[in-house]
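1. Predicted model, plus sequence, below.
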Amino acid sequence: MNLNELSILSLYSAMAVYALAFIAFAIDLAKRSSAVGAAEIAAPATADAASVGTKAAGGTATLNRISARIANDAATPYGRSASLRVGVSLTVLAWAVHLVAAVLRGIAAERVPWANMYEFAMTGTLLIVTVYLIVLTRTDLRFLGTFVTGLVLILLGIGALQYYVEVAPLPPALQSVWLVIHVFVASLGTGFFALGFALSFVQLLQARREERAGTAKPSRLKFLQTLPSAFTLENLAYRVNIIGFILWTFTLMAGSVWAERAWGRYWGWDTKEVWTFIIWVIYAGYIHARATRGWRGSRSAWLAIIGFAAVMFNFGIVNVFFKGLHAYSGL
Amino acid sequence: MSRPSDHIDSAPAPARDGITQPKLGFVGTLRWFWRQLTSMRTALFLLLLLAIAAVPGSLVPQRSSDPNGVTQYFADNPDLAPVLDKIQAFDVYSSAWFSSIYLLLFISLIGCVIPRTKHHLQALRAQPPKTPARLGRLAGFTTRTAPAGTDAASAVAAARTVLKQGRYRVALFDSPKEISVSAERGYLRETGNLVFHSALVGLLVVVGFGSGFGFSGQRVLVEGQTFVNTLLAYDSFNPGRFFNDTGLDPYTLTLDDFEVSYETQNLEAFGQPVDFTAGVTVTPRGGDAKPGAVRVNDPLRTGGTSIYLLGNGYAPTITVRDPEGTVVFTDSVPFLPQDANLTSLGIVKVPDGLADQVGLVGFFYPTQDETTTGSYFSSFPDLEYPVLTLNVYSGDLGLNDGVPTSVYALDTDHMEPLATRTSDVKPLELKPGETQELPNGLGSVTFENATPDAAAGDTSGSVLRFASFDIHHDPTQGWVLLFASLVLGGLLTSLFVPRRRLWVKAVEQPDGSVRLEYAGLARGEDPGLESAVSALADRHTALLERTAPAAAPTGPAPVGNPTDPA
């Protein structure tokens, strides 16, 4: 068995563990819902009272850590269930195996493991999980486990089944230090955007629940009551997205420097350049929307979601179906 | 007014219900229009519009990046293409509608940046604002009791020291009942924001006007050939609007050899090129010749120009003789690669010297192989078994009309096929060094061997290669890089430097003790504000304890905040 075969074996093992982690995270969400249901039966008024309390506390809380604020911020506080802990542990395990897969692929190919679609999928998802795990040490976003493991599973599945290519040397066009920098930073930015997308998405659900709380038609997604308020989710999403935006700005610039060295011009409206620019403008719009009266909240969240959809489109559709100068060595 | 009125940090507009406004008048309307254009809402709208307007350029081929694609699109969609062309769909990024969006956006941006810059310059010289009367309403409000024996004035003086060490700009405020210090930091945040936006304007100006001063040109060189950097020596030349050709530095560039290596170990990638290197010699005018190399991703910078390696292929040397043996044509003809294994197509036109005008359509196979149906193909891009086949046509080459024709194409409509796959005489087939008779006694054709002295069977150097070079000159690239760096730097500071105000107030209590109040105000996104307030309170009280009279019996007792569970 050669190194590449070992890498493939590791990748499939990682996918299996991610699938188990996904299940554990899903069970946790279900448990949250049932816990909220039980709490409502026991004391019908608690949930509403708690949510009112949160709103009042929102402006004056003097907590040092965001994580503490999150725990405090939920309408129905909920600890860490056993399945949640299992989910996080399995994610860490899967991440380690995933890392081994990427490193082995790199050693087998004698270069960085991000030079074709299969390797982008492998390394890009590894970075999504890396960003998620690093953020977890600072802020409790464990409730996003289903999203992160689910997204990574889908992307890895498509990458491994649809775009697998054998190890091949780099064509001269990709032999550049900028492949290492430009593609890596773009993937890292994608990791932050993915997390920002998930937070904005939950923010929208949460905002709808908060609107409906106390009305005749309360939200049926009960687990939302155990998650931070829409206000907190929005602030978290913003912080994650601006890091993504800075990395994306750097991606654009590093790409321009590489384009100048490779093609003789720093900007030429190649299809991939066009979409990278579109994504940059959407996120610039998102940041401005956050500073525009009447656009903060759900409207800006939609922009973050559209932005991430464009990132996925840029990766999955533009790379494969659009004609352009960006070459992906046999996809 | 430093910010647009609909900025989240601006005071909300007063409710206008039931107020009948007077007519605006001309100047008033202009002012209203300007305020609309520079509002956040309009900027946001234009940004999103810009993103949407950029999309069509990725769906339809663009003349700037893919001119052949546009030609093909016209051929494939003869009805749709002219309509799309009317709305400038093939020139999206220079179209009137795309340009108007970004120009409006930049006008809006400039209209926003200028008043903010003025305001910021004033703020940079101004004192921090007066301490609010009631700190209890502000973020991170914390109270402590000063150690006994500390009076209000010295407590505030100590706070001032702590804040100054933290790079805050400070101002003391004294009133009969209470004394306070007001502090502000993070002016760099606004500076960064303004630098970011101004650098974007700079980038637009440099990219828009600056690129007009440069040029790009292309030139094909066969191994051994030399090019002089003058206007006439280029195969094609695209000057910018303001380019003056007296600015060309007439250096010479010789292609000495062209090295290619192919993958032969990894069967999955067998025959894939691993490296292209054009070994060149550059001689500046009046200077000494210097060897150099041009590689993919590694251009050669010389004489104010950058030389890029664009493409490569084989250039078989073909000699045509008349029946008496006089040479009527001899040249190394660049053949255009048709596939990854470098099956190549080339044209030879012999207008004079033979009984008829003769055109040759040549196929070159660096490693010739044969399919089961008998047609030839190349199975490897290197010279393992090189074979040249030539289709021969005679008649009118179309060169006499004075209309420029491509050297890479032959119009055979008005020519008689003498030797083709469908004619009686089959195409001529030659290996390096071989000569064949042309049909109808027209003469002969020779496929010259570039290394006639090589060992028998060694064909690795038998055919010359050509390289096509792209030569660029863009005097504004340095400026683009400068503004791009400013954009990134401005962005980083504007997003990560927190701008905040902090206040420390000392209030003398009726019992003689001194109550210390701390609070902060975020100006923009500032997740660390509350911890900054409590850190200030900790450092301040620690300093007071160290300097307080030794008799101090009580430590600082955090009165605390009722919502703080920690």
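-> Perfect, thanks for sending it.
2. Name all residues that make contact with the residue nearest the centre of chain A.
-> For chain A, the residue nearest the mean C-alpha position is A:A194 (2.3 Å; Cα atoms, centre = their mean). In this structure, A:A194 makes contact with A:128, A:131, A:148, A:151, A:308, judged by Cβ atoms under 8 Å, 6 or more residues apart in numbering or on different chains. For every residue, glycine as well, the C-beta is placed using N, CA and C.
3. I'd like those residues as JSON lines, with distance to chain B appended.
-> Shown next, in JSON lines, are the contacts of A:A194 (distance: Cβ to the nearest Cβ, whole Å):
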{"residue": "A:I128", "distance to chain B": "22"}
{"residue": "A:V131", "distance to chain B": "17"}
{"residue": "A:V148", "distance to chain B": "22"}
{"residue": "A:L151", "distance to chain B": "23"}
{"residue": "A:F308", "distance to chain B": "14"}
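4. Let's see if you can find the most crowded of those residues.
-> A:V148 (27 neighbours; other Cβ atoms under 10 Å in any protein chain shown).
5. My read is that A:G297 contacts A:A230, right?
-> Yes - with contact defined as Cβ atoms under 8 Å, A:G297 reaches A:A230; the gap is 7.3 Å.
6. what's the distance between the residue nearest to the centre of chain A and B:V156?
-> 49 Å (Cβ to Cβ, to the nearest Å).
7. same deal with B:S444?
-> Distance of B:S444 to B:V156, given as Cβ to Cβ: 106 Å.
8. what do you get for A:I158?
-> 63 Å.
9. what does B:V425 give?
-> Distance, B:V425 to B:V156, by Cβ to Cβ: 107 Å.
10. For B:L521, which residues are in contact?
-> B:138-139, B:500-501, B:529.
11. One more pass at 7 Å, please.
-> Counting by Cβ atoms under 7 Å, 6 or more residues apart in numbering or on different chains, B:L521 makes contact with B:138-139, B:500-501.
12. Would you convert the residues you listed into JSON lines that also reports distance to B:A450, neighbour count and pLDDT?
-> Output for the contacts of B:L521, formatted as JSON lines (distance: Cβ to Cβ, whole Å; neighbours: other Cβ atoms under 10 Å in any protein chain shown; pLDDT from 0 to 100):
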{"residue": "B:L138", "distance to B:A450": "84", "neighbour count": "21", "pLDDT": "89"}
{"residue": "B:A139", "distance to B:A450": "80", "neighbour count": "20", "pLDDT": "87"}
{"residue": "B:R500", "distance to B:A450": "74", "neighbour count": "23", "pLDDT": "92"}
{"residue": "B:R501", "distance to B:A450": "78", "neighbour count": "23", "pLDDT": "93"}
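13. How far off centre is stretch B:278-286?
-> 29 Å (Cα atoms, centre = their mean, to the nearest Å).
14. helices and strands of the chain: which one bottoms out on pLDDT?
-> Reading this off chain A. Sorting the helices and strands of chain A by mean pLDDT, DSSP states H and E puts helix A:46-58 at the bottom, at a mean of 41.
15. next structured bit after the helix or strand hosting the residue nearest to the centre of chain A?
-> Element membership of A:A194 [criterion: DSSP states H and E] is helix A:184-212. Using DSSP H and E, the helix or strand that follows helix A:184-212 towards the C-terminus is helix A:230-263.
16. Indicate whether the helix or strand of chain B with the lowest mean pLDDT makes contact with chain A.
-> Within chain B, no helix or strand scores below helix B:25-37, which has a mean of 85 by mean pLDDT, DSSP H and E. No - applying Cβ under 7 Å from any Cβ of the partner chain, one finds helix B:25-37 separated from chain A by no less than 13.6 Å.
17. And stretch B:178-189, by the same measure?
-> No - against chain A, stretch B:178-189 shows no contacts by Cβ under 7 Å from any Cβ, the least distance being 12.8 Å.
18. centre of the chain versus that stretch, how much separation?
-> Here stretch B:178-189 is found 41 Å from its chain centre; the criterion is Cα atoms, centre = their mean.
19. Which positions in that stretch come out as buried?
-> Buried residues in stretch B:178-189, counted by 16 or more other Cβ atoms under 10 Å in any protein chain shown: B:178-186, B:188-189.
20. Pick out whichever of those sits closest to B:S65.
-> Set against B:S65, the nearest of the buried residues of stretch B:178-189 by Cβ to Cβ is B:R189 (38.1 Å).
21. looking at it, that closest one is touching B:F496, isn't it?
-> No - using Cβ atoms under 7 Å, B:R189 is not in contact with B:F496, being 8.3 Å away.
22. Show the contacting residues for the spatially closest residue to B:E434 that is not a sequence neighbour.
-> Leaving aside its sequence neighbours, B:E434 sits nearest to B:F447 (Cβ to Cβ, 6 or more residues apart in numbering or on different chains; 5.7 Å). Counting by Cβ under 7 Å, 6+ apart, B:F447 touches B:316, B:318, B:388, B:430-432, B:434.
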